[in-house]
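**Student:** quick check, what structure comes out for this input:
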Amino acid sequence: MDRKTKILIICQHNSGRSQMAEAYLKQFAGDRLTIESAGLEPSERVNPLVVEVMKEEGIDLSEKTPQSVFQLFKKGKLYNHILTVCHESEAQCPIFPGITTRWYMPFQDPAKAAGAHEEKLAQVREIRDAIKEWLLNPQEGTFSYKDLIAR
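**Tutor:** Numbering: from 1, shown residues only. Just a heads-up that it's a prediction; the model follows:
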């Protein structure tokens, strides 16, 4: 039986913020946590800008496929922690059975980046860096994967 702490990261389309947070958590926590991400209205693919800026970090998201929160719910998946990383999904997220701690940390939507390609990349890098900073140096009273793997 898998006794690892299970984490689900949710955003609207599972094409940007949640994918970045999932990738970083997997990188930082290794195999000590079970980590998934999903969206309320999943896109067909991960945002190409997100794929590009994560590749700069040595993380390949090109083969990742967004998935549905509701499909995970229907499968009876259980999570110890639900992290919501966008404004749009917090109120719409289903309540998963069991004892689950919910964390809310909204970030800007990479899909809303505007301007020329390099300007969009700069905006998505800012979002990426904010997510990474939040995970590496959480503020007191917010989600800390470090506390989970220290147990």
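**Student:** where's the residue nearest the centre of the chain, which helix or strand?
**Tutor:** By Cα atoms, centre = their mean, the chain has its centre lying nearest to residue 18, at 2.3 Å. Residue 18 belongs to helix 17-29 when assigned by DSSP states H and E.
**Student:** got the contact list for whichever helix or strand comes after that helix?
**Tutor:** From helix 17-29 onward toward the C-terminus, using DSSP H and E, the following helix or strand is strand 33-39. Residues from elsewhere that reach strand 33-39 (Cβ atoms under 8 Å, 6 or more residues apart in numbering): 2, 4-15, 18-19, 21-22, 25-26, 29, 66-69, 71-72, 77, 89, 145, 148-149. To be clear about C-beta, it is placed using only N, CA and C from the backbone, and glycine gets the same treatment.
**Student:** go through strand 33-39 and flag the buried ones.
**Tutor:** 33-39 (16 or more other Cβ atoms under 10 Å).
**Student:** out of the residues you listed, which two sit at the greatest distance?
**Tutor:** 33 and 39 (20.1 Å; Cβ to Cβ).
**Student:** show me where the protein dips below the pLDDT cut-off.
**Tutor:** In the predicted model, the chain carries pLDDT under 70 at residues 1-2, 88-97, 99, 151.
**Student:** try it again with 90
**Tutor:** Scanning the chain for pLDDT under 90 picks out the ranges 1-3, 30, 73, 76, 78, 86-104, 138-151.
**Student:** in what helix or strand does the closest residue in space to residue 87 that isn't next to it in sequence lie?
**Tutor:** Take residue 87 and drop its neighbours on the chain: the residue closest to it by Cβ to Cβ, 6 or more residues apart in numbering is residue 106, 4.8 Å away. Per DSSP H and E, residue 106 falls between elements, in no helix or strand.
**Student:** got a list of what residue 106 touches?
**Tutor:** Shown in contact with residue 106 (Cβ under 8 Å, 6+ apart): 84-87, 90.
**Student:** before we move on, what about residue 57?
**Tutor:** 128, 132.
**Student:** so it, which of the three states?
**Tutor:** On the three-state scheme (DSSP: H, G, I helix; E, B strand; the rest coil), residue 57 is labelled coil.
**Student:** and which of the buried residues of strand 33-39 is nearest residue 112?
**Tutor:** residue 39 (15.4 Å).
**Student:** that's all I had, so thanks and see you.
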